[in-house]
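K.L.:
Pasting a predicted model and its sequence here:
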Amino acid sequence: MKPVTSLGSTIVLRLRDLQYLLSVLVAIALLAVQPRYWPRTVRNVLARQILFTGVEALGLIFAVASVAGISVVLQAQVWLGKVGRRDLLGPLLVVVVVREFAPVLASLVVIIRSASAVASEMANMQLAGEVRLLDAQGLDPLVYLVMPRVVGLSVCAFGLSILFVVVSLVSGYLFVTLLGHAIRPRDFADSVFGALGPVDMLNLLGKSVIPAALTAVICCTEGLSVGAGGTEIPRATSRGLARSVVAMFVVAGAISVVTYL
Amino acid sequence: MANDDRTILAFDAVTTAADVLYDARIIGATFALRAGELALIRFDPHAPRSPLPDAAMGLAELSGGAVQILGQSWEALSPRASCRLRGRIGRLFGMQDAWVDHLDIDENVTLRLRHHTRRRLSVIDREANELSRAFGLPGLPTIRPATAEPRDLQRAACARMLMGSPQLLIIDEPASGLYSDVLAALMREVAVARRRHVAVLWISADPIVWTDDSIAPTFRGDAGEPGLALMDLAKTATLAGLTAG
């Protein structure tokens, strides 16, 4: 009976965590659509977050997307040629790159670069009394600290996913051209764009924005919930990172299932 | 000193809840502070983390009573309204003399005004520079707090408190050890602020503050005792005069 009780308690705890995260996310979404919650100080934090998470990640995204694009486009071109179904190149690339690789790998880049940074920054601010200092000056930590990070990470994840798609397809196409397997650029573009539908764009949007928003909420709440003691900072950071990765794969899997239903 | 008799801050039988953030509790505190008045409150220097400033700002959890700011109870205010009101309070932080580390000192000093008002940055910067000079700085420092001299940080903290002509000043400096020149400048600027009908809550155990006549407090009190009720020095003086006569 004990293992069952333990399992039940764990599930209840996890569900409570999920409920809390979702309530924070909804509260932020409701705040973020109201211009009065975007004074210049909050916009500054958003700009800094976008600079760090988006602009400074461009090099890494270019590198990952180029390698992934070369691998996928080359293999798709070769294997579809062997089975005589080159007409499926576009749909296959849309499914593999647009629906799966781009949002998942861009989200991973965002998580790797920003999740631990956000969690440790929040934890340090909490321990140093900076969060109370902000509160005492009338700067709501939810508005000043959490909201711009949620919006910043979401915007960056979506932007980086789009960039990932473009870079991977272009680099893949250029590589197979170099190897002499090329089709005409226009045929390649027609094949990809012809297979691209609204569902694919919604898929890309959901798989990039939702995990990024959850990552920001998870890492901010983990960081802001530290008690006394510097040893809690690395624990909060690693917890935030691990939970963000799990959330990303769960969301990506759930969206994939919904897409194919 | 002031002909403006609005009540800026009122404590009504306030008792704070036990909290690890503080070294002590407030039990049954009742007092009112009107525009232009200054309450000088002693706190136990061995228990320097006082809940009084946070209680005045609606940040400490209360287990009884109510705190009113500008006629409104903190508990009745929405989170947004509370934040806006806190934006009208200037505070000199004591033991929690925190700076936002990733912002430069000038950004820290102007943060409250940049957040709560739409004043032009040039206007805000001009005020910050003037206040910085009033406290002996050559101008507003544009370096990170971690790299600044402690004396300059104290000066900048004083300037930050006075930014935007707040209606209430909370000087929370138990055991903060203000440099003598900074303390002198602070006393001078507080006197100027009081002439503009700013109410001041000054928490200190520093003997210099308690013995310096230039502060001219309206009330004195001891937060270490249950039922903090401020002693009205004007009435006390009158009574003392009658007794003497």
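P.N.:
Great, that's in hand. Numbers count the residues shown, from 1 in each chain, chains lettered A, B, ... in the order given.
K.L.:
Where does the residue most central in space within chain B fall, secondary structure wise?
P.N.:
The structure's chain B has its C-alpha centroid closest to residue B:170; by CA atoms, centre = their mean the separation is 0.8 Å. Per DSSP states H and E, residue B:170 falls inside strand B:168-172.
K.L.:
Residue A:22 now?
P.N.:
Assessed by DSSP H and E, residue A:22 sits inside helix A:2-32.
K.L.:
so what does that helix touch, helix or strand wise?
P.N.:
With contacts taken as 3 or more CB pairs under 8 Å, 6 or more residues apart in numbering or on different chains; DSSP states H and E, helix A:2-32 sits against helix A:147-178, helix A:198-224. In this view, the C-beta of every residue, glycine as well, is placed from N, C-alpha and C.
K.L.:
which phi and psi does the closest residue to chain B within chain A have?
P.N.:
The minimum distance from chain A to chain B, using CB to the nearest CB, falls at residue A:138 (3.4 Å). With angles defined as degrees, to the nearest 10, residue A:138 sits at phi 80, psi 20.
K.L.:
give me the number of residues near it?
P.N.:
By other CB atoms under 10 Å in any protein chain shown, 21 other residues sit near residue A:138.
K.L.:
That one and residue B:112 touch, don't they?
P.N.:
Yes. Residue A:138 is in contact with residue B:112 according to CB atoms under 8 Å; the separation is 6.6 Å.
K.L.:
who touches both of those two?
P.N.:
residue B:87 (CB atoms under 8 Å, 6 or more residues apart in numbering or on different chains).
K.L.:
average pLDDT for stretch A:79-91?
P.N.:
With pLDDT averaged residue by residue, stretch A:79-91 scores 83.
K.L.:
Stretch A:170-181 too?
P.N.:
On average, stretch A:170-181 scores 84.
K.L.:
for it, which positions count as buried?
P.N.:
Buried residues in stretch A:170-181, counted by 16 or more other CB atoms under 10 Å in any protein chain shown: A:170-173, A:175-176.
K.L.:
Export that stretch to CSV, keeping only CA atoms.
P.N.:
Extracted C-alpha coordinates of stretch A:170-181, given in CSV (Å, rounded to 0.1, in the frame of the first residue of the first chain):
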residue,chain,number,x,y,z
VAL,A,170,19.1,27.1,-46.9
SER,A,171,22.3,25.5,-45.6
GLY,A,172,20.9,22.0,-46.4
TYR,A,173,20.0,23.1,-49.9
LEU,A,174,23.4,24.7,-50.5
PHE,A,175,25.2,21.6,-49.2
VAL,A,176,23.4,19.2,-51.4
THR,A,177,24.0,21.5,-54.3
LEU,A,178,27.7,21.4,-53.6
LEU,A,179,27.5,17.6,-53.7
GLY,A,180,25.7,17.6,-57.0
HIS,A,181,22.3,16.4,-55.8
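K.L.:
contacts for it?
P.N.:
So stretch A:170-181 is in contact with A:65-66, A:69-74, A:77-78, A:81, A:93, A:182, A:185, A:188, going by CB under 8 Å, 6+ apart.
K.L.:
Now do the longest helix along chain B and strand B:168-172, the angle between them.
P.N.:
Ranked by residue count, the top helix of chain B under DSSP state H comes out as helix B:180-195. Angle of helix B:180-195 versus strand B:168-172, following axes from the mean of the first three to the mean of the last three CA atoms, to 10 degrees, is 160 degrees.
K.L.:
what is the orientation angle of the helix holding residue A:22 with helix A:198-224?
P.N.:
Helix A:2-32 and helix A:198-224 are oriented at 100 degrees to each other (the same axes, to 10 degrees).
K.L.:
Helix A:147-178 and helix A:2-32, what's the angle between them?
P.N.:
Going by the same axes, to 10 degrees, helix A:2-32 makes 100 degrees with helix A:147-178.
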